[in-house]
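**Q** When you get a sec, could you give me coordinates for this:
(one chain, ligands or ions: 1)
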Amino acid sequence: MTEQQQQRDDSACAVDLSASALPESTPNAEVFTTTITSAEPESGFAGFGFSDALLRTLADKGYSEPSPIQKAAFPELMLGRDLVGQAQTGTGKTAAFALPLLERLESGQKTPQALVLAPTRELAMQVADSFKAYSAGHPHLKVLAVYGGTDFRSQISALKRGVDVVVGTPGRVMDHMRQGTLDTSGLRSLVLDEADEMLRMGFIDDVEWILDQLPEQRQVVLFSATMPPEIRRLSKRYLKDPAEVTIRTKDQEGKRIRQRSITVPMPHKLEALQRVLDACGGEGVIIFARTKAITLTVAETLEAGGHQVAVLNGDVPQNQRERTVERLRSGSVDILVATDVAARGLDVERIGLVINYDMPFDSEAYVHRIGRTGRAGRTGEAVLFVTPRERRFIRNLERATGQPIEAMEVPGNTAINQGRLDRLRKRLSEAAQAQRPEADEQALLQELMQRVATELELSPEQLAMAALNLAIGPDALLRKGDDDWIQNTRRNDRDRDRDSDRQSGDRRERRERPARAPEENMQRYRVEVGHRDRVKPGNLVGAIAGETGLQGRMIGRIQIFDNHSLVDLPKGMPEDVFSSLKSLRVMNRELQISQAS
Ligand code: AMP
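**A** Residues are numbered from 1 along each chain as shown. Now for the predicted structure:
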């Protein structure tokens, strides 16, 4: 072990970096440098103990500086330490684990030394390609990608010839291990890449099975964009005293922003919006809408409801835009309704709530939108409106921000009334602490109060109540009346959840519910596993995605019955994929897939 490595080993193990994605990573590097060691090399990849061959390869690839996650991970992984990393794609996480793993390989071993598990065939191929590229200086090194949907035989013969690094999807790796074609007895390192995605796709049991078979002495590295409790549990159980590295991208600063989503059918969106504002609004609010026309409709509705609203869209001339932002900043309006383009770069500290009235066009737009709140060290809230059909996109947004988006219900009258009372209490406390700007006015008002109290023989409480009534105005403070439609929406929501909840559900109810026709572009298939096999939708999604290379979200509705299940898959499945699915085993039973009548 070099002296530098020893020094790094003595450093703090938990590193939490707030960093931008590649390549502009240097501004935050200082944070790490001071934490780690004063002997940190001035720049580049030298000093991590990498071979000259690798340094040349990196230079040839045009990498001049390690990214923050690489700086944090290299010293730990070069020492053979376990590591948990929370980082998204684009941070350089693949090289963060690939380079140390490659450098620690020993020559002359016939069986694989490193195994990387990835949730999808695409990622497995991508990671294997990265390993190949980084090992350009060691042409004798063999890297193999193994995943479902392709021929076993060629993988088996490659494994027989000898492989150093295997990158694969859990299902296929497990199959190879079970049939003895992948020997893990000499494995020194295992990487779980995108662990949360493997969990979501139902691979977690397979991953645990694989982990249970590995040699006692091995290094385990776990990367995940988010850290749900299941992944934390996995890490606790299988990793030994891991170093922890968290990379947050600059734009999202997700930790300070609480993100929630509300499922609202299209016709109820405006009503739901008013309710959310009523229950959660207060400080500055930005509402994002997809088109100029929608910004106007929303603004008109809110104005009619008594809100002070400004609009920012492409039709608003530049000079007026600045005035609008100023009004929001100064508090003369509380609500801004904007399109994405118009609100780009908007930096107003007092934005406490961002409402995504319409789904953003992509996850990048979402990250930008919610970045309008939680500024200058404050906390912020973001609420996303989704129609029932849009719910499937939530997962992409969670991955983009690395944070969960909690489900929220349309606020009912009780929540709204609580919000109104809270705001009134806040206004009252603030007013009680404030002085009137003009001292003689204050004196006049005191005199006026005393006069009214004497004339009407009022107690101080009665007088205070009269002042409160004056502040509230003539309309009722609390909302009463019918909020049945919310109950109905919630009920539909729950039904839908049961429908698509791929982990649990009430079997009997499912069995009795008549099946809706598959969506356009989807074909319904029958597979011969059901409740009797204890199959869960997650098992089917995981197995089918692994075998076909389909992304999990492309797999549609799944209905499980006692002896079989129905699965909606995109139309036009190629013949060879269809036949590979026929013999695919899930819960120890062949799917025997067929088109459902
Ligand atoms: P990843 O987050 O692993 O998907 O990597 C994102 C991209 O950054 C990939 O195209 C890598 O080739 C590239 N990359 C990784 N590390 C560096 C680095 N230190 N300098 C420049 N590019 C890098």
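**Q** Please pull out the lowest mean pLDDT helix or strand from this structure.
**A** Among the helices and strands of the chain, helix 29-36 carries the lowest confidence by mean pLDDT, DSSP states H and E, at a mean of 29.
**Q** can I assume Asp533 is in contact with Arg585?
**A** No: judged on Cβ atoms under 8 Å, Asp533 makes no contact with Arg585 at a distance of 10.5 Å. (Glycine included, C-beta is placed from N, CA and C.)
**Q** What helices and strands are in contact with the longest helix along the chain?
**A** Counting by DSSP state H, the longest helix found in the chain is helix 413-433. Under the contact definition 3 or more Cβ pairs under 8 Å, 6 or more residues apart in numbering; DSSP states H and E, helix 413-433 sits against helix 269-280, helix 460-472.
**Q** buried ones in stretch 127-134?
**A** Across stretch 127-134, burial judged by 16 or more other Cβ atoms under 10 Å covers Val127, Ala128, Ser130, Phe131, Lys132, Tyr134.
**Q** so who does the last one touch?
**A** It stands for Tyr134. Residues near Tyr134 by Cβ atoms under 8 Å, 6 or more residues apart in numbering: Leu54, Thr57, Leu58, Ala95, Ala98, Leu99, Leu102.
**Q** before we move on, what about the third one?
**A** Contact analysis of Ser130 by Cβ under 8 Å, 6+ apart lists Thr94, Ala95, Ala98.
**Q** Looking at it now. What's its pLDDT?
**A** Looking at Ser130, its pLDDT stands at 95.
**Q** Quick check: it is in a helix.
**A** Yes: assessed by DSSP: H, G, I helix; E, B strand; the rest coil, Ser130 belongs to a helix.
**Q** Could you pull out the helices in the stretch 151-300 of the chain for me?
**A** 152-161, 170-178, 195-200, 204-213, 229-238, 269-280, 292-304 (DSSP state H, counting those that start in this stretch).
**Q** Using CSV, write down the CA coordinates of the longest helix of the chain.
**A** C-alpha atoms of helix 413-433 as CSV (Å, rounded to 0.1, in the frame of the first residue of the first chain):
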residue,chain,number,x,y,z
ASN,A,413,-62.0,20.5,2.8
THR,A,414,-60.4,19.5,6.1
ALA,A,415,-56.9,20.0,4.7
ILE,A,416,-57.9,23.3,3.1
ASN,A,417,-59.4,24.6,6.2
GLN,A,418,-56.4,23.7,8.2
GLY,A,419,-54.2,25.5,5.6
ARG,A,420,-56.4,28.6,6.0
LEU,A,421,-56.3,28.5,9.8
ASP,A,422,-52.5,28.1,9.7
ARG,A,423,-52.1,31.1,7.4
LEU,A,424,-54.4,33.2,9.5
ARG,A,425,-52.4,32.3,12.6
LYS,A,426,-49.2,33.3,10.8
ARG,A,427,-50.6,36.6,9.7
LEU,A,428,-51.9,37.3,13.1
SER,A,429,-48.6,36.5,14.8
GLU,A,430,-46.7,38.7,12.3
ALA,A,431,-49.1,41.5,12.8
ALA,A,432,-48.8,41.3,16.6
GLN,A,433,-45.1,41.7,16.3
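**Q** which outside residues touch that helix?
**A** Counting by Cβ under 8 Å, 6+ apart, 275, 278-282, 411, 468, 471-472, 477-481, 483 sit against helix 413-433.
**Q** hmm, try it at 10 Å
**A** 274-282, 408-409, 411, 464, 467-468, 471-472, 476-483, 486 (Cβ atoms under 10 Å, 6 or more residues apart in numbering).
**Q** Could you figure out how far that helix is turned away from helix 269-280?
**A** Here helix 413-433 runs at an angle of 40 degrees relative to helix 269-280 (axes from the mean of the first three to the mean of the last three Cα atoms, to 10 degrees).
**Q** Helix 413-433 vs helix 460-472, what angle?
**A** Here the directions of helix 413-433 and helix 460-472 differ by 110 degrees (the same axes, to 10 degrees).
**Q** helices and strands around the helix or strand just after helix 413-433, which ones?
**A** Using DSSP states H and E, the helix or strand that follows helix 413-433 in sequence is helix 439-456. Counting contacts by 3 or more Cβ pairs under 10 Å, 6 or more residues apart in numbering; DSSP states H and E, helix 439-456 packs against helix 460-472.
**Q** Which strands or helices does the helix it packs on pack on?
**A** helix 413-433, helix 439-456.
**Q** circling back to that earlier point, tabulate the buried residues of stretch 127-134 (a markdown table), appending distance to the ligand.
**A** Formatted as a markdown table, those follow (distance: Cβ to the nearest ligand atom, whole Å):
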| residue | distance to the ligand |
| --- | --- |
| Val127 | 8 |
| Ala128 | 13 |
| Ser130 | 7 |
| Phe131 | 11 |
| Lys132 | 12 |
| Tyr134 | 9 |
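**Q** So which of the helices and strands packed on helix 460-472 has the densest surroundings on average?
**A** helix 413-433 (a mean of 13; mean count of other Cβ atoms under 10 Å).
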